[in-house]
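Trainee: everything below, folded, please.
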Amino acid sequence: MAKVSKDAVFQPLNIAILTVSDSRTIETDTSGQALQDLLTEAGHQLADRKIIPDDIYTMRAVISQWIASKDVQVVLISGGTGFTGRDNTPQAITPLFDKHIEGFGELFRQLSFQEIGTSTIQSRAVGGLANATLIFAMPGSTNACKTAWNGILKFQLDARQRPCNFVALINRFNEDPNLRRCESRESQ
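Mentor: Here you go, the predicted structure:
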């Protein structure tokens, strides 16, 4: 069960949202909007939000820009995690990971099983760390995004969460000059 430390202070994070869809627009992107609403209600800041087609190289390009930026600490990806021919999100992002967060996909499917039963086996939700940027990919349905946020992310992206959270990991990379994130290529 989640425990909150009374001594710790909430630290807002800069979070980017990527919706992977061949058909959604900003007006019809209910999943991206739900994530935006949830993260801002929690006290985080929206760093950027994009909608792109389900194309491996376009995804890698957008995410690579975000993980190279010191202004993005977390990337939330909605869509492209199923098994159809157009579902390419895991193949696109996992080569970018320095470390995989296996527990994210495992816990997401466990929580999702309570809502949709065995259909959750078709979810390829994944998480990882790339250049001290957390990346989480979840199915494109609004309910799946809410499940991921309310059941996992809102706790792990809160510095008050105990016994551990990902904020401490991000801060460790940002504070130690030997572990510091790469600066944007534009500034080099």
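Trainee: what's Ile67 in contact with, if anything?
Mentor: Counting by C-beta atoms under 8 Å, 6 or more residues apart in numbering, Ile67 makes contact with 75, 96, 130-131, 133, 135. In short, each C-beta sits where N, CA and C put it, glycine included.
Trainee: so which of these is the most crowded?
Mentor: The residue in the contacts of Ile67 with the most neighbours, by other C-beta atoms under 10 Å, is Ile135 (26 neighbours).
Trainee: quickly list what it is bridged to.
Mentor: Val75, Gly128 (DSSP bridges).
Trainee: tell me if I'm right that it and Leu153 touch.
Mentor: No. Ile135 is beyond contact range of Leu153, at 11.6 Å (criterion: C-beta atoms under 8 Å).
Trainee: any idea how far the residue nearest to Trp149 when sequence neighbours are not counted is from Glu102?
Mentor: Distances taken as C-beta to C-beta, 6 or more residues apart in numbering place Leu38 nearest to Trp149, at 4.7 Å, with adjacent residues excluded. Going from Leu38 to Glu102 by C-beta to C-beta, to the nearest Å gives 24 Å.
Trainee: same deal with Ala8?
Mentor: 26 Å.
Trainee: next: Ile63.
Mentor: Going from Ile63 to Glu102 by C-beta to C-beta gives 19 Å.
Trainee: more neighbours, the two?
Mentor: Legend: neighbour count by other C-beta under 10 Å for Ile63 and Glu102, higher for Ile63 (25 against 11).
Trainee: and that one, how far is that from Lys146?
Mentor: Distance, Ile63 to Lys146, by C-beta to C-beta: 22 Å.
Trainee: ditto for Gln122
Mentor: Distance, Gln122 to Lys146, using C-beta to C-beta: 18 Å.
Trainee: Met138 contacts Ile77, correct?
Mentor: Yes. Applying C-beta under 8 Å, one finds Met138 in contact with Ile77, separated by 7.0 Å.
Trainee: show me how far stretch 150-170 is from its chain's centre.
Mentor: 13 Å (C-alpha atoms, centre = their mean, to the nearest Å).
Trainee: same deal with stretch 148-156?
Mentor: With C-alpha atoms, centre = their mean, you get 10 Å for stretch 148-156.
Trainee: ditto for stretch 25-34
Mentor: Here the centre of stretch 25-34 is set off from its chain's centre by 16 Å, with C-alpha atoms, centre = their mean.
Trainee: buried sites along the helix or strand harbouring Ala34?
Mentor: Using DSSP states H and E, Ala34 maps to helix 30-41. Judged by neighbour count using 16 or more other C-beta atoms under 10 Å, the buried positions of helix 30-41 are 30-36, 38-39.
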